[in-house]
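**Q** Have a look at this fold, sequence not included:
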């Protein structure tokens with residue numbers, strides 16, 4: 001288990017290699033509220049660039065105005081992920097792209113109607129033909145959105161500069177936090193690799209009632225498990241946890257230090273135990289390290 005810099009580019013699927021035209025089209029679609037049934041909600045309504053492509057809310061409001069069930073995950077660096085959503089129910093960005101659009105709770109758009117609507121515009125037929133031979137189709141909407149999302153990567157951080165040899169890039173407190181992260185605090189067990197996520201699913205006693213991964217696999221052992229989130233740009237993407245129940249990074253770290261329940265539905269994973277005998281200063285140091293995972297660019 002190691003901490004490593006983020007790669008320079010995302011892997012490209014053979015069935016949908018990126019082109020400049022696909023990315024331009026995907027970006028245009030991403031910010032267009034016509035993708036929703038009421039022409040008021042775009043992908044960017046919940047994935048806001050200035051908020052690390054999250055939305056800054058515990059739970060977003062969907063098509064009807066009611067709160068959705070889970071916190072909005074960032075789409076930064078999703079091109080590196082093998083499974084998507086908190087419960088991993090999709091295997092590719094192409095598969096993921098249309099699900100929020102068609103969800104009655106989220107954007108509530110019927111795909112045939114969306115294709116008709118885009119074909120009737122002045123700009124989209126040309127944009128689609130620039131990117132695809134067969135023009136406006138549901139499949140090409142998915143491919144374009146996926147291509148744009150693959151282009152959304154974290155910029156280099158002070159942490160990356162440190163990994164590349166600049167020992168002054170991290171503050172003293174952040175360096176202490178990194179030592180704890182890799183050592184006594186044990187964060188690296190789940191938060192490792194270039195995204196600081198192992199991509200696996202764990203049960204940590206947060207958010208009762210949501211079956212998480214178990215609702216996808218229908219396996220009892222997966223109930224209440226959720227995917228380890230990436231920590232890249234994490235200071236921009238709060239509130240935290242799949243239920244948005246923690247507003248600050250300090251609260252998240254404090255939960256692991258002092259708040260993890262000793263029992264929960266189906267038990268807990270990782271044999272995580274509260275580190276209640278540790279110093280509050282350690283929480284500050286870990287938060288300083290987590291903040292160094294966000295680019296200042």
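**A** Looks like it came in fine. Note that the structure is predicted; figures quoted are calculated from it, not measured.
**Q** Determine how far the last residue of stretch 231-251 lies from the first.
**A** One end of stretch 231-251 to the other measures 15 Å (CA to CA, to the nearest Å).
**Q** so how far is it off the chain centroid?
**A** Here stretch 231-251 shows a centroid-to-chain-centroid distance of 11 Å under the convention CA atoms, centre = their mean, to the nearest Å.
**Q** State the mean pLDDT of that stretch.
**A** In this model, stretch 231-251 has a mean pLDDT of 96.
**Q** How about stretch 37-49?
**A** 96.
**Q** in it, what counts as buried?
**A** Neighbour counts over stretch 37-49 (16 or more other CB atoms under 10 Å) mark 37, 41-48 as buried. (C-beta placed from N, C-alpha, C; glycine too.)
**Q** Repeat that for stretch 178-186.
**A** 178, 180-182, 185-186.
**Q** Stretch 133-148 now?
**A** Buried-residue list, stretch 133-148, by 16+ other CB under 10 Å: 135-136, 140-148.
**Q** from these, which is closest to residue 58?
**A** residue 145 (25.3 Å; CB to CB).
**Q** May I ask which helix or strand encompasses the closest one?
**A** Assigned by DSSP states H and E, residue 145 belongs to helix 138-150.
**Q** Tell me which other helices or strands that helix touches.
**A** If you count contacts as 3 or more CB pairs under 8 Å, 6 or more residues apart in numbering; DSSP states H and E, helix 138-150 packs onto helix 20-30, helix 93-102, helix 111-119, helix 124-131.
**Q** Using JSON lines, please lay out those together with distance to residue 157.
**A** Output for the helices and strands packed on helix 138-150, formatted as JSON lines (distance: least, CB to CB, whole Å):
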{"stretch": "helix 20-30", "distance to residue 157": "23"}
{"stretch": "helix 93-102", "distance to residue 157": "23"}
{"stretch": "helix 111-119", "distance to residue 157": "37"}
{"stretch": "helix 124-131", "distance to residue 157": "32"}
